[in-house]
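Turn this into a model:
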Amino acid sequence: MPSNQSAAGRRDPDRRERIARAAIDVVAEVGVEKLTHRRVAAAAGVPLGSTTYYFATLDDLLASALRQAADDDVEHLRKWAAGLEAGGDLAEALTDLVLHYLGPARAQTAVEHQLYIAALHRPALRHVSQEWDTALAELFAAYTDADTGRALSVVFCGWQLQGIVRDALPERAEVEASFRRMLSS
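Next comes the predicted model:
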């Protein structure tokens, strides 16, 4: 590490994470295709050289942003899961969660899906998207079994993806019925 970067790193130990979070903000504002090191540097309040120092390519930057978004989401889901009542109604709780992601957290959900879907055209991002899928399935499997946990994660993500492109929220009864079908199989 060059000495000037080393000194800067000691003074700003969270710079890498701040840049990744700024990339998430830029994607939210202009989309994945218009993400640039320059826009991210401006959003993070760092010199342009900092973004290219930590992230040599845009795919590196996007992978870090995707990992940060995934980590944040999994942490949110773990807190949600910790608040579930033993023996509670999982279908109802999952419905509440979907409606949260499509209501108050809609903007966050949209940017997370933009980052996730970027893996379609950027193979360097696929492993991060797949790790996110695995974490979600494992979280739900803790309340069911491995196969049902995976199926619940697919339905959960499907509701989010469809929901962010709709003008109106899906009907609560429709969402809940889909989870009940999955849990009764």
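
what's the longest helix seen in the chain packed up against?
Among the elements of the chain assigned as helix by DSSP state H, the one spanning the most residues is helix 58-82. Packing partners of helix 58-82 (3 or more C-beta pairs under 8 Å, 6 or more residues apart in numbering; DSSP states H and E): helix 15-30, helix 37-44, helix 90-102, helix 106-117, helix 126-141. Quick note: C-beta positions are derived from backbone N, CA and C, even for glycine.

just the angle between that helix and helix 90-102, please?
Relative orientation of helix 58-82 with respect to helix 90-102: 140 degrees, computed using axes from the mean of the first three to the mean of the last three C-alpha atoms, to 10 degrees.

returning to what we had before: any chance of CSV for the helices and strands packed on helix 58-82, columns mean pLDDT, distance to residue 59 and mean neighbour count?
What follows is the helices and strands packed on helix 58-82, written out as CSV (pLDDT from 0 to 100; distance: least, C-beta to C-beta, whole Å; neighbours: other C-beta atoms under 10 Å):
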stretch, mean pLDDT, distance to residue 59, mean neighbour count
helix 15-30, 95, 11, 20
helix 37-44, 97, 12, 19
helix 90-102, 96, 26, 20
helix 106-117, 93, 12, 19
helix 126-141, 93, 11, 17
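
what about those, which gets the closest to residue 159?
Each of the helices and strands packed on helix 58-82 has some distance to residue 159 by C-beta to C-beta; the shortest is helix 90-102, at 4.7 Å.

which residues touch the closest one?
Judged by C-beta atoms under 8 Å, 6 or more residues apart in numbering, the contacts made with helix 90-102 from elsewhere in the structure are 77, 80, 84, 108-109, 143-144, 152, 156, 159-160, 163-164, 169-170, 172, 175-176, 179-180, 183.
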